[in-house]
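Colleague: model this:
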Amino acid sequence: MTRTIALLGSTGSIGRQTLEVARELGLGVAALTANSSVDLIEAQAREFSPRLAVLYDADAANELRRRLADTDVEVLSGMDGLLAAATVDEADTVVTAVVGMIGLRPTLAAIERKKRIALANKETLVCAGALVMDAADKYGAELVPVDSEHSAIFQCLQGCRDRSEIKRLILTCSGGPFYGLSFDELAGKTRADALRHPNWTMGAKITVDSATLMNKGLEIIEAMRLYRLPLSKVAAVIHRQSIVHSLVEFRDGALLAQLGTPDMKLPIRYAMTYPYRAPSPAEPLDLLSCPPLTFAEPDEHTFRCLRIARTCAEAGGTSCAIMNGANEVAVYAFLRERIGFNDIPALVQAALDETPQVSNPALSDILEADRLARESVRARIR
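Modeller: Next comes the predicted model:
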């Protein structure tokens with residue numbers, strides 16, 4: 001069980017909820033990191049008294065350093081700061097709640113220090129899954145997923161002694177705010193429309209990914225890497241109620257599912273306490289009052305990001321890193337209202353078409369593929 005955490009991405013949705021769980025469980029906090037949110041990370045640092053507080057932005061870090069001059073908190077910045085937080089001696093668990101490719105190098109560094117990785121940064125496994133899992137095996141680090149879907153699968157597999165008994169993993173998907181619309185109807189959807197998720201309160205980037213269904217595509221790839229299964233054994237279904245968080249189908253026909261309210265603190269708490277379960281102050285799911293549970297096939301013709309992700313999952317190599325990098329730039333351009341909603345899959349596909357791919361990539365190949373994909377999208381937007 002976790003005693004002290006280093007939290008990468010403390011000011012985002014997952015980061016804030018992780019600190020709520022830490023408060024409930026009485027966990028220590030050795031390090032906090034964020035991008036540039038000076039006010040919030042200052043308040044967090046004053047409450048939890050970490051040894052390190054890191055802001056990626058250097059100017060913001062200088063301001064935080066000035067504000068925390070009356071404390072013993074050391075303030076760092078940039079990638080060096082993230083790496084220091086990921087490897088801080090006092091932490092036995094590193095919670096990777098940063099968004100995007102920026103989480104890859106700190107995760108690998110934490111693995112090399114044999115930390116437990118509470119993984120909420122799906123891009124790490126999407127872009128470099130083989131490298132990350134091989135490193136975890138080499139150094140004996142433990143990866144415990146925080147995403148609700150992968151936590152559900154992780155929990156359902158606790159009694160599975162032989163992975164060959166798995167017929168397939170079934171990831172559930174709410175369908176986002178645009179479920180049932182046609183591709184043409186999506187064309188006029190705005191930033192405000194995309195951020196109205198029906199069930200979950202999340203950060204802007206992941207909420208847009210949920211609207212395009214790219215998030216589910218990323219999760220399919222993540223599940224393949226985390227559980228070392230081929231694409232043919234990972235499926236997704238639309239489940240509008242977000243009560244069944246995912247399922248495992250076994251070769252004898254049995255299906256195990258994890259059910260619960262749409263509350264990220266449940267998988268966060270489990271990642272902190274595994275292999276034990278701590279009491280929760282949250283209201284549990286009431287089966288007598290929950291709505292009927294429905295399931296449907298995803299529409300990959302309308303939500304083309306899901307189809308692109310499945311194609312990249314099959315191709316492997318650097319294709320997933322290209323797709324992810326292109327998607328990150330396209331989503332942030334959409335959030336700044338520089339492109340339309342349907343431009344997101346178009347830009348991702350264009351980056352895949354024009355970026356050279358490497359079949360058995362080293363870390364340098366993955367980082368270069370990510371860079372080229374981002375440049376491709378930026379050039380087209382310009």
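Colleague: And for stretch 186-195, what's in contact with it?
Modeller: The contact list for stretch 186-195, computed with C-beta atoms under 8 Å, 6 or more residues apart in numbering, reads 177-178, 204, 207-208, 211, 302, 334-335, 337, 340-342. To be clear about C-beta, it is placed using only N, CA and C from the backbone, and glycine gets the same treatment.
Colleague: how about 10 Å then?
Modeller: 176-178, 181, 202-204, 207-212, 302-304, 331, 334-337, 340-345 (C-beta atoms under 10 Å, 6 or more residues apart in numbering).
Colleague: Can you give me the first-to-last residue distance of it?
Modeller: In stretch 186-195, first residue to last residue: 14 Å (C-alpha to C-alpha, to the nearest Å).
Colleague: do stretch 190-206 as well
Modeller: Start-to-end, stretch 190-206 (C-alpha to C-alpha) is 15 Å.
Colleague: List the buried residues of stretch 143-153.
Modeller: Leu143, Val144, Pro145, Val146, Asp147, Ser148, Glu149, His150, Ser151, Ala152, Ile153 (16 or more other C-beta atoms under 10 Å).
Colleague: Ok, stretch 329-342 next?
Modeller: Val329, Ala330, Val331, Tyr332, Ala333, Phe334, Leu335, Ile339, Phe341, Asn342.
Colleague: from the middle of its chain, how far away would that stretch be?
Modeller: Its chain's average C-alpha position is 20 Å from that of stretch 329-342, according to C-alpha atoms, centre = their mean, to the nearest Å.
Colleague: ok, now stretch 7-23?
Modeller: 14 Å.
Colleague: which ones are touching Met79?
Modeller: Val54, Tyr56, Ile102, Arg105, Pro106.
Colleague: Next, format those residues as JSON lines and append pLDDT, distance to Leu27 and secondary structure.
Modeller: Converted to JSON lines, these look like this (pLDDT from 0 to 100; distance: C-beta to C-beta, whole Å; DSSP: H, G, I helix; E, B strand; the rest coil):
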{"residue": "Val54", "pLDDT": "98", "distance to Leu27": "19", "secondary structure": "strand"}
{"residue": "Tyr56", "pLDDT": "97", "distance to Leu27": "24", "secondary structure": "coil"}
{"residue": "Ile102", "pLDDT": "91", "distance to Leu27": "24", "secondary structure": "helix"}
{"residue": "Arg105", "pLDDT": "95", "distance to Leu27": "25", "secondary structure": "helix"}
{"residue": "Pro106", "pLDDT": "97", "distance to Leu27": "19", "secondary structure": "helix"}
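Colleague: So which of those residues wins on neighbours?
Modeller: Val54 (30 neighbours; other C-beta atoms under 10 Å).
Colleague: my guess is that residue meets Ile102, correct?
Modeller: No. With contact defined as C-beta atoms under 10 Å, Val54 does not reach Ile102; the gap is 11.9 Å.
Colleague: Confirm that Thr294 sits in a helix.
Modeller: No. Counting by DSSP: H, G, I helix; E, B strand; the rest coil, Thr294 is not part of a helix but coil.
Colleague: How about it: what's its closest non-neighbour residue?
Modeller: Excluding its sequence neighbours, the residue lying closest to Thr294 (C-beta to C-beta, 6 or more residues apart in numbering) is Arg240, at 6.0 Å.
Colleague: and that neighbour, how many neighbours does it have?
Modeller: Residues near Arg240, counting by other C-beta under 10 Å, number 20.
Colleague: for it, helix, strand, or coil?
Modeller: coil.
Colleague: Kindly provide the distance from it to Pro291.
Modeller: 9 Å (C-beta to C-beta, to the nearest Å).
Colleague: I'd like the distance from Val132 to Arg225, if you could.
Modeller: According to C-beta to C-beta, Val132 stands 7 Å off from Arg225.
Colleague: Spit out the residues that contact the two alike.
Modeller: Thr124, Leu125, Leu143.
Colleague: what's the most distant pair in the contacts of Met79?
Modeller: For these, the farthest-apart pair by C-beta to C-beta is Val54 and Arg105; their separation is 13.4 Å.
Colleague: Kind regards, and thank you for your time.
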